[in-house]
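Engineer: Quick one, what's the 3D model for this:
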Amino acid sequence: MKRILVPTDFSTNAYCALFYATQLFQNQPCKFYILNTFKVETSVLTSRLNTSKGDKIYRELSADSQEKLTKTMHSITRDAKDSQHSFEIISISKELIETIDKTINSLQIDLVVMGTKGASGVKEIFMGSNTVKVIQKIKNCSILAVPDQMGFKTLNEIAFATDFKCFYTTESLKPLLDIVTAFACNIRIIHIHEEEKLNEIQEHNLNNLKEKLTDFNYCLHWISGFTKKEKHIQEFIEQMDIDMLCMSQYKHGFIESITHEPVIKKIGFRATVPFLVIPEVS
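Structural biologist: Down below sits the predicted model:
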């Protein structure tokens, strides 16, 4: 059974991401853990004069979190009634990233699902700040970022962007190939090359990837682009009617470059389709 963690700030977008995930894995049983973290200011908790006040604030925040989580669970249980999923809520007063990391390990989470915008919903933001932080900090679990209030539709085309600098194992590709298998998707491998030819390591990794994808429908797309890789990928998504974008998370990789600047200014990259980040497995 797949174990999926879905953090929520109770925004509409967070709920849509949860619902999207239930539909994405509709035909297989999954255990969903719906997580909300809340924070009590440290100064309130540590001051001797404010101990009782801090306890009261904690109880109020905890009760509010529990109540909203319960409502969310009732709603998703109703909306995903035809699935084989089960749901559990988690409310905790700790930092979000730390909690996600510990929960991944303690509950053996297979996938973290988040909306790309939080309650602020600013249009210029590539992804909500929490989503960006999770992608930056969580290295041991796949992450699926779902665009703002996106409805679910059957997947036909998945773009897999790679520079062939990463060696893909069967384990590291599993999150992607599970989805490909479920929907019989085409995999469109995008390589935006800066050099005329691949080096020896890239050639080796390309051949390894081809071997891993022998039983799947895939094709290679070579795009020349020394700058603005983000724009090339966005144009490819639009032109090829891509339903999901996948990339691998590894040190000094492309994901690092796009998450270090969350406000998109001169480039055209937007989180317009679900964005699957798979971890590098050594």
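Engineer: buried set for stretch 198-210?
Structural biologist: Leu198, Gln202, Asn205, Leu206, Leu209 (16 or more other CB atoms under 10 Å). C-beta here means a position set from N, CA and C on the backbone, and glycine is covered the same way.
Engineer: Next, Thr214: secondary structure please.
Structural biologist: Taking DSSP: H, G, I helix; E, B strand; the rest coil as the rule, one finds Thr214 in the coil state.
Engineer: Would you mind listing the residues in contact with it?
Structural biologist: By CB atoms under 8 Å, 6 or more residues apart in numbering, the contact set of Thr214 is empty.
Engineer: sorry, back to before: could the buried residues of stretch 198-210 go into TSV alongside secondary structure?
Structural biologist: Formatted as TSV, the buried residues of stretch 198-210 follow (three-state DSSP):
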residue	secondary structure
Leu198	coil
Gln202	helix
Asn205	helix
Leu206	helix
Leu209	helix
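Engineer: ok, Gln23 - how many residues close by?
Structural biologist: When neighbours are counted by other CB atoms under 10 Å, Gln23 registers 16.
Engineer: And the average pLDDT for the strand or helix carrying it is what?
Structural biologist: Assigned by DSSP states H and E, Gln23 belongs to helix 12-24. Averaging pLDDT along helix 12-24 gives 95.
Engineer: go on, stretch 167-175?
Structural biologist: 92.
Engineer: Make 112 the starting number, not 1.
Structural biologist: New numbering, starting at 112: the last item is stretch 278-286.
Engineer: Same question for it: list its buried residues.
Structural biologist: By 16+ other CB under 10 Å, the buried positions in stretch 278-286 come out as Phe278, Tyr279, Ser283, Leu284, Pro286.
Engineer: In this protein, where is pLDDT below threshold?
Structural biologist: 152-165, 228-240, 336-339, 361-382, 392-393 (pLDDT under 70).
Engineer: all strands of it, in order?
Structural biologist: Ranges of strands within the chain are 113-118, 141-148, 197-203, 222-226, 253-257, 268-272, 297-304, 329-335, 355-360, 386-390, based on DSSP state E.
Engineer: ok so, going back, for the helix holding Gln134, name the packing helices and strands.
Structural biologist: Applying 3 or more CB pairs under 8 Å, 6 or more residues apart in numbering; DSSP states H and E, we find helix 123-135 packed against strand 113-118, strand 141-148, helix 162-190, strand 222-226, strand 253-257.
Engineer: For the most centrally placed residue in the chain, name its beta-bridge partners.
Structural biologist: Central residue of the chain (CA atoms, centre = their mean): Leu255, 2.2 Å from the mean position. Bridge pairing for Leu255 (DSSP bridges) gives the partners Val224, Leu387.
Engineer: so it touches Thr227, yeah?
Structural biologist: No: the criterion here is CB atoms under 8 Å, and Leu255 misses it with Thr227 at 10.2 Å.
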